[in-house]
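Novice: How does the following fold in three dimensions:
(one chain, ligands or ions: 1)
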Amino acid sequence: MNLILLGAPGAGKGTQAKLVVEKYGLIQLSTGDMLRSAVANQTALGQKAKVIMEKGELVPDEIMIEMIRESIASYQGHCKGFIFDGFPRTRKQAESLDNVLSQLGMNITSVFQLNIDENLLIDRIAYRYSCKKCGAIYNKKLKVEKISGVCDVCGSVEFTSRSDDNVVTVKSRLKVYNEMANILIKYYSEKGRLKIIDASSDVIDVSKQIIDHLESTSELT
Ligand code: AMP
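Specialist: Alright, predicted model coming up:
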């Protein structure tokens, strides 16, 4: 089973990917996480990506396609499948993903489009922070830790926030997203793979919509 989560920044792709990973044992491939790790490690790619990410623009397709191809190859044969989070973001990336998977005898089984009112997104992103250790996501306005300064999930006391989670960059990220969203929606809906999810409700409800779809389409092979 290979799944894709599409949706605007802040729609909850990362959170939902982690829940799917817990339930079905898939490998989460988040291109945003891979790029942030390259930035943190100050690799040549990281230095190039940092500038682009801080502007809220897209890293060139060739780089992203190679990155995802290498990740798939490194896990292939040792896992139950993948959940792609933040990839693809262009039609070229979508076509390349299909090619890479088909060369390995796999395909995309379902694509979830997480739809959400754009007015909710700025608050979701601009106030977002996460646990440095386990990645649990919080929000200064919408969801703080039960005990202030202590992660609810792992008890760590260190938190971090993304440098591109600020109002200016978020607006640019949303603009870039809106330019590409319909192209990807059309691409996967023509393949009969697309399932629209209402992502404005709470995390558990969104997760239930995804799981119900997977359970009802007998894709759990
Ligand atoms: P994300 O964590 O998915 O919101 O990604 C953060 C940033 O990384 C994006 O705003 C882009 O600059 C870059 N990025 C992540 N994934 C991709 C991708 N598939 N194609 C191009 N740029 C990407």
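Novice: Spell out which residues of the chain are next to the ligand.
Specialist: Counting by CB under 6 Å from any ligand atom, the chain comes close to the ligand at 9, 31-32, 35, 52-53, 56-59, 64, 86-87, 89, 93, 164, 173. All C-beta atoms are positioned from the backbone trio N, CA, C, and that covers glycine.
Novice: Who does L194 form a beta bridge with?
Specialist: Beta-bridge pairing for L194 (DSSP bridges): V111.
Novice: and if you look at the one 4 residues further on?
Specialist: On the basis of DSSP bridges, D198 takes part in beta bridges with N115.
Novice: Helices of the protein, start to end?
Specialist: With helices called from DSSP state H, the chain shows them at 13-24, 31-40, 44-55, 61-75, 91-103, 118-126, 167-190, 203-216.
Novice: Restrict the helix or strand bottoming out on mean pLDDT in the chain to CA atoms and write it as PDB.
Specialist: When the helices and strands of the chain are scored by mean pLDDT, DSSP states H and E, helix 118-126 comes last with a mean of 87. What follows is helix 118-126 as a C-alpha-only set of coordinates in PDB (Å, rounded to 0.1, in the frame of the first residue of the first chain):
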ATOM      1  CA  GLU A 118      -7.600  28.900   4.200                       C
ATOM      2  CA  ASN A 119      -8.500  31.200   7.000                       C
ATOM      3  CA  LEU A 120      -7.700  28.500   9.500                       C
ATOM      4  CA  LEU A 121      -4.300  27.800   8.000                       C
ATOM      5  CA  ILE A 122      -2.500  31.000   9.000                       C
ATOM      6  CA  ASP A 123      -3.200  30.400  12.700                       C
ATOM      7  CA  ARG A 124      -2.400  26.700  12.400                       C
ATOM      8  CA  ILE A 125       1.000  27.500  10.900                       C
ATOM      9  CA  ALA A 126       2.200  30.800  12.300                       C
END
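Novice: Quick check: buried residues in that helix?
Specialist: Residues L121, R124, I125, A126 are the ones in helix 118-126 that count as buried (16 or more other CB atoms under 10 Å).
Novice: Put together JSON lines for those, with distance to G105 on each row.
Specialist: Listed next are these as JSON lines, based on distance: CB to CB, whole Å:
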{"residue": "L121", "distance to G105": "37"}
{"residue": "R124", "distance to G105": "38"}
{"residue": "I125", "distance to G105": "38"}
{"residue": "A126", "distance to G105": "43"}
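Novice: out of these, who's nearest K80?
Specialist: Nearest to K80 among the buried residues of helix 118-126: R124, at 30.0 Å, using CB to CB.
Novice: I'd like to know how far that closest one sits from R91.
Specialist: Separation of R124 from R91 (CB to CB, to the nearest Å): 27 Å.
Novice: do the same with F82
Specialist: Shown here: F82 relative to R91, a distance of 20 Å by CB to CB.
Novice: now K50: how far from V59?
Specialist: Counting by CB to CB, the gap from K50 to V59 is 10 Å.
Novice: Repeat that for N2.
Specialist: If you go by CB to CB, the gap between N2 and V59 works out to 22 Å.
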